[in-house]
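Asks: kindly return the folded structure for what I paste below:
(one chain, ligands or ions: 2)
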Amino acid sequence: MSPIETSMTGYFKAHGDLHYVFYGGKGGVGKTVMAGATAVWAAQQGKRVMLASTNPVHSLSGLLGQDVFGKHTPVSGVDNLWAYEIDTKDTIERSKQEIRDKIQWFLKYADISTKAEDFVESATMNPAFEESAMFENMIDLMFKNEYDLYVFDTAPTANARRLLGMSKVYSLWVNKMLKSREEARSLREMLSFTKKKEADPLMDYLVSFRDRMGHARELLTDPEKTSFFFVTLPEALPIAVITRFIGWFHDFGIPVGGVLVNMLIDSSQVKDDAPDFVRNRLAMQQRYMEDIWEKFDGMVRSTTPLFETEVRGVPMLQRLAENVFV
Ligand SMILES: Nc1ncnc2c1ncn2[C@@H]1O[C@H](COP(=O)(O)OP(=O)(O)OP(=O)(O)O)[C@@H](O)[C@H]1O
Ligand SMILES: [Mg+2]
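Replies: Numbers count the residues shown, from 1 in each chain. Ligands and ions are numbered 1, 2, ... in the order given. Modelled structure (predicted):
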């Protein structure tokens with residue numbers, strides 16, 4: 001087995017200005033518990049830490065054994081640590097309202113007598129809308145910059161990828177839209193008697209959206225400030241999933257912090273007379289560990305054993321943190 005070149009602790013030491021940490025990986029591999037352990041560890045180092053979840057299905061309250069839904073909540077038992085599950089229903093309602101206002105403004109502007117509601121439904125009744133609302137929530141939190149470190153449970157992998165892939169095209173498109181709207185507006189102004197400038201909420205929206213996305217892109221691609229970590233098990237599918245993610249992220253210039261291997265069966269506990277089932281699983285894990293060392297050479301930051309129970313509550317997170325941050 002190759003040794004770990006740079007551990008989690010080593011990585012965080014070398015990236016003293018890290019502000020945004022994300023965890024990604026296949027379902028159920030331990031993203032939430034690793035995010036929790038990272039947040040607990042960093043808070044114990046004296047940083048003011050926010051552990052946040054933007055998922056519609058939250059698990060931080062369950063993990064911490066306290067209600068952290070809807071507001072920044074101090075975590076009992078850990079100084080300097082706050083947790084926050086964003087109310088996604090609320091955000092979605094607010095985004096819908098914003099869209100409704102814009103569509104109504106536009107219909108009036110263009111003198112079209114159709115009900116806005118038909119358009120609102122088609123613009124908001126799709127999974128991508130919910131996903132974007134979550135993404136906007138996340139970047140709002142990032143922009144506020146009220147903590148030394150933000151740890152996000154579950155990386156918005158597809159979104160980050162889409163955002164960065166699209167942002168160039170998007171910028172071109174918005175600039176073109178802006179130019180033609182600017183031309184239309186000066187024409188209207190020339191033809192009208194009054195010289196007063198018309199309000200143009202759509203244009204304001206396009207400009208602010210372009211700027212927000214540009215800023216998000218800047219933060220998400222800054223290797224001093226941002227790291228995406230990927231959690232895997234020593235098994236085929238989780239390895240395949242993070243291999244794909246890491247490939248995308250390299251292509252888009254998003255900083256990859258490294259790979260955390262979780263739920264390793266401790267071989268010292270498996271004696272020769274252990275049941276076949278256990279010995280087979282151990283042998284399988286050992287085979288996949290060879291793949292992991294080879295595939296993610298120099299990127300593995302920690303290996304964590306499969307504990308005898310699930311990881312819940314602060315004391316268990318502390319135990320996990322001691323294991324991950326050696
Ligand atoms: N090293 C470990 N030992 C024992 N149990 C673990 C370990 N790591 C995680 N678990 C348990 O495995 C389950 C899945 O972990 P977790 O919820 O963190 O995964 P996830 O990747 O966030 O899942 P999801 O994709 O559903 O969000 C939880 O019950 C957790 O307590
Ligand atoms: Mg989770």
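Asks: and what about the residue nearest to residue 71 when sequence neighbours are not counted, helix, strand or coil?
Replies: Counting by Cβ to Cβ, 6 or more residues apart in numbering, residue 71 lies nearest to residue 84, which is 6.7 Å off, once chain neighbours are set aside. The way it works is simple: take the backbone N, C-alpha and C, and place the C-beta from them, glycine included. On the three-state scheme (DSSP: H, G, I helix; E, B strand; the rest coil), residue 84 is labelled strand.
Asks: residue 34 versus residue 84, what's the distance?
Replies: 18 Å (Cβ to Cβ, to the nearest Å).
Asks: equivalent analysis for residue 134, please.
Replies: 20 Å.
Asks: ok, the two, which is more surrounded?
Replies: Ranked by neighbour count (other Cβ atoms under 10 Å), residue 134 and residue 34 place residue 34 first, with 28 against 20.
Asks: what is the host helix or strand of the more buried one packed up against?
Replies: Assigned by DSSP states H and E, residue 34 falls within helix 31-44. Applying 3 or more Cβ pairs under 8 Å, 6 or more residues apart in numbering; DSSP states H and E, one finds that helix 31-44 contacts strand 20-24, strand 49-53, helix 60-64, strand 81-85, strand 149-153, strand 226-232, helix 314-324.
Asks: distance to residue 139, mean pLDDT and mean neighbour count added to those, as a markdown table?
Replies: Output for the helices and strands packed on helix 31-44, formatted as a markdown table (distance: least, Cβ to Cβ, whole Å; pLDDT from 0 to 100; neighbours: other Cβ atoms under 10 Å):
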| stretch | distance to residue 139 | mean pLDDT | mean neighbour count |
| --- | --- | --- | --- |
| strand 20-24 | 10 | 94 | 24 |
| strand 49-53 | 12 | 96 | 26 |
| helix 60-64 | 19 | 97 | 20 |
| strand 81-85 | 15 | 97 | 24 |
| strand 149-153 | 11 | 95 | 24 |
| strand 226-232 | 12 | 96 | 25 |
| helix 314-324 | 27 | 98 | 18 |
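Asks: between the ones you listed, which gets nearest to residue 9?
Replies: Residue 9 lies closest, by Cβ to Cβ, to one member of the helices and strands packed on helix 31-44: helix 314-324, at 8.8 Å.
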